[in-house]
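In: next one to model:
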Amino acid sequence: MAGFQTDESLLRNIDAEIKQLGRTNIIVVGRTGVGKSTLINAVFKEDVATTGTGSPVTKNIQKYAIPGTSVTLFDSRGLEMKEFKKIMEEVCSFIKRCQKNKDINEHIHIAWMCISHTSNRLEEGEIAFVEMISKYIPVVIVITQSYDEDNTLFNIIQQKFQDPKVIPVVAKEKSIRKGYPPIPSTGLPSLVKTTQELLPAAQQIAFLAAQNADFSAKILKAHGIVGASAIAAAAAGAIPIPFSDMAVLVPIEIGMIISITAVFGFEIERSVILALWGIFATASGASIVGLGLASLLKFIPGVGSVAGGIIDAAVATSITTAFGEAYIGILVVLFKENNGAKPTKDQLLAKCKQEWKTKQDS
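Out: All right, here's what the predicted structure looks like:
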């Protein structure tokens, strides 16, 4: 990267933060015909069975790695009543085996139990399955094909279970009668929100990055990342930092860039993060670590005057917040210009360079 002296500590910071990004593993179960594939494809905007890297892990469980993401789906064979007990035992045995792994990234983190609204009943086998699997992992009961407002099945499930969340969903817009408006897709944002809340913290970013049913969930998580980073910066600034020693904030800023970039669905590469930091630092010919944060001061009213002085907790918080929110704003504009589709990494870097230069010149 011309014009920048790459510091080894910066590279170590980048590598350390990348290692902290988790993987998310979801198991999807339900009877044949309940719409599992339709649901999966609607959430991830992928024909997962076609584009995913599929491989059998047991006789009744198929594994799909969603391309370009850190999410893996495990799809169980239809839970037909005549083989319900056998499949249930196999799925539970598989989950227990995964949970014994010391690496949390190899665990199964959540289950989506799909029950069709059209059945309007809860089978004994489905009850047994939810009760068994919820001993090991969180379960979201997804009432698929919820084409009308009859709440009978929803109420039955709510009365039967205390813990599992119940989300009615129409995964794909459906035409019922000719001449009548189609039934719109509903419930997917609720499923995304509920799933995120039930996942371990390390797995939330991977899931939100992969899902494409609710873009606002990515934005909300990104704001949360900024908030957490600002708190960390405040802690770092609790002991006033001489302006010349602002490099102590670099790991916080690097972690924030990586997490925000990841939650918007970009594959995280060291070269991309290094390029982004170089753009944001805009200290041509200088050390990235030494001067990377200095250029951020001009965006914060009343802070520029501290140059050469002291950075305290309030200023460190302001720097971090301004930096993070500016980056989120750039990403939102970029996705909008790309009609909601994920831009390429070249588009990301070009847009950041353009927008950051505009902010500096203004």
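In: which residues touch S229?
Out: 252-253, 255-256, 320, 324 (C-beta atoms under 8 Å, 6 or more residues apart in numbering). Using the backbone N, CA and C atoms, a C-beta is placed for each residue, glycine as well.
In: look up phi and psi at P182.
Out: For P182, the backbone dihedrals are phi -70, psi 160 (criterion: degrees, to the nearest 10).
In: next one: the closest residue to A341 other than its chain neighbours from M113, what distance?
Out: Nearest residue to A341 in three dimensions, chain neighbours excluded: F335, at 7.6 Å (C-beta to C-beta, 6 or more residues apart in numbering). Look at F335 and M113: by C-beta to C-beta, to the nearest Å, they are 32 Å apart.
In: between those two, which is the more surrounded one?
Out: Using other C-beta atoms under 10 Å as the criterion, F335 and M113 rank with M113 on top: 23 against 19.
In: in a helix, the more buried one, correct?
Out: No - M113 is assigned strand when assessed by DSSP: H, G, I helix; E, B strand; the rest coil, not a helix.
In: got a list of what it touches?
Out: Neighbours of M113 in contact, by C-beta under 8 Å, 6+ apart: 29-30, 126, 129-130, 133, 139-142, 164.
In: same thing but at 7 Å, please
Out: By C-beta atoms under 7 Å, 6 or more residues apart in numbering, the contact set of M113 is 29-30, 129-130, 139, 141-142.
In: return the member of those residues nearest to F94.
Out: Taking C-beta to C-beta as the measure, F94 lies nearest V29 of those, at 11.0 Å.
In: these two touch, right, the closest one and L79?
Out: Yes - the pair V29 / L79 is scored as a contact, 6.2 Å apart, by C-beta atoms under 7 Å.
In: element containing the nearest residue in space to G68 that is not next to it in sequence?
Out: Counting by C-beta to C-beta, 6+ apart, E267 is the residue found nearest to G68 once chain neighbours are left out, at 6.1 Å. E267 is part of no helix or strand, with elements assigned from DSSP states H and E.
In: what's the burial count for E267?
Out: For E267, using other C-beta under 10 Å, the count is 13.
In: can you tell me how far it sits from I156?
Out: 43 Å.
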